[in-house]
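In: Fold the following and give me the result.
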Amino acid sequence: MITTKKTTYEVEGCKEPCYEVTDGFTLVRIAKMYHYIGKNTIIVKEYVDGDYNSSDELTGDFDSLTPAKAKKIAQSYSAYLEK
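Out: I've put the predicted structure just below:
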């Protein structure tokens, strides 16, 4: 079963908002990237069994994401996340 929650994570000493989508084995984190690239960029990171696997920058507005949209992004990004 896939769960999606809006939470925060720590990056460079600051707490940043993110969505975490997981099936218990694979975790996909979707977060803002405005302070590095621009306000219409999000970063998607994938962790498999707790270990970092990959990341990518996508065009999108984090503030307009909903849990359902975050889940859809995560499922299209990760080959390991349950479909």
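
In: Strands of the protein, start to end?
Out: 3-11, 14-22, 26-32, 41-48, 51-59 (DSSP state E).

In: which stretches of the chain aren't confidently modelled?
Out: For the chain, applying pLDDT under 70 flags the ranges 34-38.

In: Contact partners for the residue positioned nearest the centre of it?
Out: Nearest to the geometric centre of the chain sits Ile30, at 1.8 Å (CA atoms, centre = their mean). Shown in contact with Ile30 (CB atoms under 8 Å, 6 or more residues apart in numbering): Cys18, Tyr19, Glu20, Val21, Ile42, Ile43, Val44, Phe62, Leu65, Ala70, Ile73, Ala74. Glycine gets a C-beta too; all of them are placed from N, C-alpha and C.

In: buried subset of those?
Out: Applying 16 or more other CB atoms under 10 Å to the contacts of Ile30, the neighbour count classes Cys18, Tyr19, Glu20, Val21, Ile42, Ile43, Val44, Phe62, Leu65, Ala70, Ile73, Ala74 as buried.

In: about what we covered before: of the contacts of Ile30, closest to Glu10?
Out: Checking these against Glu10 with CB to CB, the nearest one is Cys18 at 10.3 Å.

In: contacting residues for the closest one?
Out: Lys6, Thr7, Thr8, Tyr9, Arg29, Ile30, Ala31, Lys32.

In: how much space is there between it and Ser55?
Out: 13 Å (CB to CB, to the nearest Å).

In: before we move on, the earlier item: how about the nearest residue to the residue nearest to the centre of the chain, chain neighbours excluded?
Out: Closest residue in space to Ile30, ignoring its immediate chain neighbours: Tyr19 at 4.6 Å, by CB to CB, 6 or more residues apart in numbering.

In: Could you check how far the residue of the chain most remote from its centre is from Asp23?
Out: Here the centre of the chain is the reference, and by CA atoms, centre = their mean the most remote residue is Gly13, at 18.6 Å. As for Gly13, its distance to Asp23 is 30 Å (criterion: CB to CB).
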